[in-house]
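A.B. asks: What would the 3D arrangement of this be:
(chains A and B)
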There are 2 protein chains.
Amino acid sequence: MNDPATVSLTTVRTLGERAKVASALLAQTSGEVRRAALRAMADALDAGSDHLVAINAKDVEAARGTLTNALVDRLTLTPSRLADMSGGLRTISEQPDPVGEVVEEWIRPNGLKIQKIRRPMGVVSVIYEARPNVTADVAGLCIMSGNAAILRGSSSALRTNLGITKILVEAAIGAGLPEHAIQLVDDTSREATVELMQLKGLVDLIVPRGGPALIASIEANATVPYLIDGDGNCHVYVDRSADPKMATAIVVNAKTSKPSVCNAAETLVVHSDLVEGWLPGALDALKQKGVEIRGDETVCRVWPAALPATEEDWGTEYLDLVMAVRVVEGIDEAIAHVNRWGTSNAEAIVTEDSQAARMFTAQVDSGTVFVNASTRFSDGGQFGYGAEIGISTQKLHARGPMGLRELTSSGYVVWGTGQVRT
Amino acid sequence: MNDPATVSLTTVRTLGERAKVASALLAQTSGEVRRAALRAMADALDAGSDHLVAINAKDVEAARGTLTNALVDRLTLTPSRLADMSGGLRTISEQPDPVGEVVEEWIRPNGLKIQKIRRPMGVVSVIYEARPNVTADVAGLCIMSGNAAILRGSSSALRTNLGITKILVEAAIGAGLPEHAIQLVDDTSREATVELMQLKGLVDLIVPRGGPALIASIEANATVPYLIDGDGNCHVYVDRSADPKMATAIVVNAKTSKPSVCNAAETLVVHSDLVEGWLPGALDALKQKGVEIRGDETVCRVWPAALPATEEDWGTEYLDLVMAVRVVEGIDEAIAHVNRWGTSNAEAIVTEDSQAARMFTAQVDSGTVFVNASTRFSDGGQFGYGAEIGISTQKLHARGPMGLRELTSSGYVVWGTGQVRT
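C.D. replies: Numbers count the residues shown, from 1 in each chain, chains lettered A, B, ... in the order given. All right, here's what the predicted structure looks like:
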């Protein structure tokens, strides 16, 4: 049994088996015990801050030269980022306990009382990339929702993630949670990851938070149910009735406040009535922030600094200071464009016309549709969830930012007094 | 293009493309229009009753000798069964409209109002077997929840399903619904079914209602999201505190009222305190109904007519007048048995002890957990849904009987006044 592949496969399955045992015990803990565990985990992170920054420095050192500067930045832990992580755990601990929540309840004519009740999923695994804050976010959300967590971070963050996990696990066990409620996969090989995706019967849900290669691997290999946290080709549609200053502020914020994230806007869709009046000034404002504009024919005519957009631009998530701009004749064409090219993450309309807002929110097929607000709010923290398990870009189970409730399933409990079926 | 395989593949994709167009139009219809369409569909079924019985007679004639008597019975339409189908459509039409329902709503400190809102899934396909009533049930649930339906029934029911679909489609279009909101796949080949499972981007959800071979095909081939309507290895646990008469009535009803269906009980789990007193009489009552008992050692000792059960019996869905019986020392062992062998469809506890009821309902991992009622109530009609799209035996998205709400996804709409993210 010295074949390394065999050893790693055994290990991942063992993690799954231990997590399944832990999940049955976790499902029986009270909300108060889980809340106290999260507070203890937050305190332990604060106490271990210097230690974790020191460990993280080794990962950062090793990553320089091999990862891009942006990825090295994501990997880097600072005392301030650690304080955000412990703050997130405390916010999660203050959310309503989803376990046992009665979602609906009714009584049938035969006297049966039917309750739809939230229960933990069981064992939840999240596969993620450089940012080590995800380790604490996912552990906290899983524990508070009564689920055992199997964390699989990137190899570049392994020392840091091991350090964070060790601190969280000790605090959780000290607070009375079962062993193996939080586990980190320390084998970051492709084989071990595929094995994790195939732990059917042990893992109840996998959330892949990563790029197209990870999503493709999940779609090709996973036998465990999964929720896709996919791309964000987000749109802002500026309607004819938009408040011009508000429209510019929202477009600039959605594009430039953090271009590298999935809720940043990639395409501006604008009503043709605004082409002469509002559009050139808005594009000037984007240019001032360093944004390159790729426009359709009309855009290039009224604002000659624009590069001509090709069809590929409508489908591209730039994650950079580039924005595609398209002019439409009306809201129907805007909705059609968004539904054709969007990736169901987040879209916004800027409008003062309530009927346009109703049409857009009813017909646009996306996780979150914003009216007069930036797409950048598509985020679990911004929704008040304390953190997020991911942003679902699919329809089944959940859409948009996912917090505690999205980590539960809703089963039925039916209370009778001896009813039989005739 | 005379290759039959090519022709059929093209056809299924065309159905998907038409359904996608119809779904966008359906999502914009009001609940009143959809309700009226369901009433018109019900009226049309009533008016076409004699015609459908006559068409069905040809399917039944062709099936005799090739299908089992039980399947021929399921295939057979009678005026009374047709009246149940139209009655189901009317009940569905009276349910609350799930489309646009605000599930949750809250306001953030920055003034953003976040709403979680139900929307149709889009295009829903159900693959089912002999019973033609599913054609009307699924069409009705899909339309009322704003989804386009692609129906794929069995080849043995093709004439009947074509007849039912024609009547439903004409009534729906007459009531103002878009074309192609209801479509039947008339190519029942394996190739066409696999193509249907792979219409990613066109079909939003597939529900396979069939045996292990269909489920295996879905798991191997589907690229479209699916919800498994799986086996029903259902349990009744009779606790030490159970009311003896109620316990016997529930066990006999759960096993014998309709043994061929997925919510029939297959295993009786009984507390050891009841072995001498209650158990022999209960097994006598089952025997009187023709049930063969397969028991563990204790059961065979106190009731010698029992055959010895093997481990295989705990895992078998008999769908017949056979019941496995196991004695346990306490509720923990009962829960462990159910969670080890159950298929997450429906389980029941008979008890007068509220703490035992709480433990069982909290720890048993199943779609529906009944307290003092028969497992046979795990059914959309019995839950008051008018019909069911299936019974989910998985955790993601929905568990147990699925009605209108389970045919929606919950996305976010966020209302702002110009908020940008700092």
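A.B. asks: who are the neighbours in contact with A:Ser272?
C.D. replies: Shown here is A:Ser272, whose contacts under the criterion Cβ atoms under 8 Å, 6 or more residues apart in numbering or on different chains are A:Thr298, A:Val327, A:Val328, A:Glu329. Placement of C-beta: from N, CA and C, glycine included.
A.B. asks: and which of the residues you listed is nearest to chain B?
C.D. replies: Taking Cβ to the nearest Cβ as the measure, chain B lies nearest A:Val328 of the contacts of A:Ser272, at 17.0 Å.
A.B. asks: per-residue confidence for that closest one?
C.D. replies: A:Val328 is assigned a predicted lDDT (pLDDT) of 98.
A.B. asks: Look up how far A:Leu279 lies from it.
C.D. replies: Here the criterion is Cβ to Cβ, to the nearest Å. By it, A:Val328 lies 12 Å from A:Leu279.
A.B. asks: Give me the more crowded residue out of the two.
C.D. replies: Of the pair A:Val328 and A:Leu279, A:Leu279 is the one with more neighbours under other Cβ atoms under 10 Å in any protein chain shown, namely 26 against 21.
A.B. asks: Count the neighbours of the residue nearest to that one when sequence neighbours are not counted for me.
C.D. replies: If you skip the residues right next to it in sequence, A:Leu279 has A:Val270 as its closest partner in space, 5.7 Å away by Cβ to Cβ, 6 or more residues apart in numbering or on different chains. A count of neighbours around A:Val270, defined by other Cβ under 10 Å, yields 29.
A.B. asks: With A:Gln28 instead?
C.D. replies: Residues near A:Gln28, counting by other Cβ under 10 Å, number 13.
A.B. asks: what do you get for A:Pro96?
C.D. replies: The local packing count at A:Pro96 equals 9, with neighbours defined by other Cβ under 10 Å.
A.B. asks: So it lies in a helix, does it not?
C.D. replies: No: applying DSSP: H, G, I helix; E, B strand; the rest coil, one finds A:Pro96 to be coil, outside a helix.
A.B. asks: Please name the residues that touch it.
C.D. replies: When contacts are counted by Cβ under 8 Å, 6+ apart, A:Pro96 is found next to A:Leu404.
A.B. asks: Report the separation between it and chain B.
C.D. replies: For A:Pro96, the distance to chain B under the criterion Cβ to the nearest Cβ, to the nearest Å works out to 11 Å.
A.B. asks: Tell me the predicted confidence for that residue.
C.D. replies: A:Pro96 is assigned a predicted lDDT (pLDDT) of 95.
A.B. asks: ditto for A:Pro4
C.D. replies: Confidence at A:Pro4, expressed as pLDDT, is 41.
A.B. asks: now do A:Ala70
C.D. replies: According to the per-residue confidence, A:Ala70 scores 83 in pLDDT.
A.B. asks: same deal with A:Arg301?
C.D. replies: According to the predicted model, the pLDDT of A:Arg301 comes to 97.
A.B. asks: still on that earlier bit, where do the contact lists of A:Val328 and A:Leu279 overlap?
C.D. replies: Jointly contacting A:Val328 and A:Leu279 under the rule Cβ under 8 Å, 6+ apart are A:Val270.
A.B. asks: Is there any residue in stretch A:232-249 that contacts chain B?
C.D. replies: Yes: for a cut-off given as Cβ under 8 Å from any Cβ of the partner chain, stretch A:232-249 has contacts with chain B, namely A:Asp243, A:Met246, A:Ala249.
A.B. asks: likewise stretch A:137-152?
C.D. replies: No: legend: contact between stretch A:137-152 and chain B by Cβ under 8 Å from any Cβ is lacking; minimum distance shown is 10.5 Å.
A.B. asks: and that stretch, how far from the chain's centre?
C.D. replies: Taking the mean of its C-alpha atoms, stretch A:137-152 sits 14 Å from the chain's own mean (Cα atoms, centre = their mean, to the nearest Å).
A.B. asks: For that stretch, measure first residue to last.
C.D. replies: Counting by Cα to Cα, to the nearest Å, you get 13 Å between the two ends of stretch A:137-152.
A.B. asks: repeat for stretch A:44-51
C.D. replies: For stretch A:44-51, the separation between the terminal residues is 11 Å (Cα to Cα).
A.B. asks: Tell me the buried residues in that stretch?
C.D. replies: If you call a residue buried by 16 or more other Cβ atoms under 10 Å in any protein chain shown, then stretch A:44-51 has these buried ones: A:Ala44, A:Leu45, A:Asp46, A:Gly48, A:Ser49.
A.B. asks: looking at it, the third one is touching A:Ala83, isn't it?
C.D. replies: Yes: contact between A:Asp46 and A:Ala83 holds when scored by Cβ atoms under 8 Å: they sit 7.2 Å apart.
A.B. asks: just checking, what packs against the host helix or strand of A:Val134?
C.D. replies: Here A:Val134, judged by DSSP states H and E, is contained in helix A:133-144. Of the remaining helices and strands, those touching helix A:133-144 by 3 or more Cβ pairs under 8 Å, 6 or more residues apart in numbering or on different chains; DSSP states H and E are helix A:31-47, helix A:79-93, strand A:123-127, strand A:148-152, helix A:158-174, strand A:182-184.
A.B. asks: still on that earlier bit, quick one: secondary structure of the residue nearest to A:Leu279?
C.D. replies: Judged by three-state DSSP, the three-state class of A:Val270 is strand.
A.B. asks: give me every residue that touches it.
C.D. replies: A:Tyr237, A:Val238, A:Trp278, A:Leu279, A:Val325, A:Arg326, A:Val327, A:Val328.
A.B. asks: How about A:Gly31?
C.D. replies: Residues in contact with A:Gly31 (Cβ under 8 Å, 6+ apart) are A:Asp97, A:Val99.
A.B. asks: mind checking pLDDT for it?
C.D. replies: The predicted structure scores A:Gly31 at 97 on the pLDDT scale.
A.B. asks: where's it relative to A:Asp97, distance?
C.D. replies: Using Cβ to Cβ, one gets 3 Å for the distance from A:Gly31 to A:Asp97.
A.B. asks: What's the separation between A:Gln288 and A:Ile228?
C.D. replies: Going from A:Gln288 to A:Ile228 by Cβ to Cβ gives 36 Å.
A.B. asks: Tell me which of the two has more neighbours.
C.D. replies: With neighbours defined as other Cβ under 10 Å, A:Gln288 and A:Ile228 compare such that A:Ile228 has more, 22 against 10.
A.B. asks: and the longest strand seen in chain A, what does it pack onto?
C.D. replies: Identified as the longest strand of chain A according to DSSP state E is strand A:408-419. Under the contact criterion of 3+ Cβ pairs under 8 Å, 6+ apart, the helices and strands touching strand A:408-419 comprise strand A:113-120, helix B:244-256, strand B:368-373, strand B:400-402.
A.B. asks: and with 6 Å instead?
C.D. replies: For strand A:408-419, the contact count by 3 or more Cβ pairs under 6 Å, 6 or more residues apart in numbering or on different chains; DSSP states H and E identifies strand A:113-120, strand B:368-373 as packing neighbours.
A.B. asks: What strands line up against the first one, and which way round?
C.D. replies: Strands adjacent to strand A:113-120 in the sheet, as given by DSSP bridges, are strand A:102-107 (antiparallel), strand A:408-419 (antiparallel).
A.B. asks: contacting residues around the first one?
C.D. replies: So the one you mean is strand A:102-107. When contacts are defined by Cβ atoms under 6 Å, 6 or more residues apart in numbering or on different chains, strand A:102-107 is touched by residues A:Lys113, A:Ile114, A:Gln115, A:Lys116, A:Ile117, A:Ser410.
A.B. asks: Among these, find me the one that's closest to B:Ile92.
C.D. replies: Distance ranking of the contacts of strand A:102-107 against B:Ile92, using Cβ to Cβ, places A:Ile114 first at 17.3 Å.
A.B. asks: tell me the contacts of that closest one?
C.D. replies: For A:Ile114, counting by Cβ under 6 Å, 6+ apart, the contacting residues are A:Trp106, A:Val414.
A.B. asks: what's the spacing between it and A:Met121?
C.D. replies: Per Cβ to Cβ, A:Ile114 is found 22 Å from A:Met121.
A.B. asks: which of the helices and strands packed on strand A:408-419 is buried the deepest?
C.D. replies: Each of the helices and strands packed on strand A:408-419 was scored by mean neighbour count; the highest is strand B:368-373, a mean of 27, by mean count of other Cβ atoms under 10 Å in any protein chain shown.
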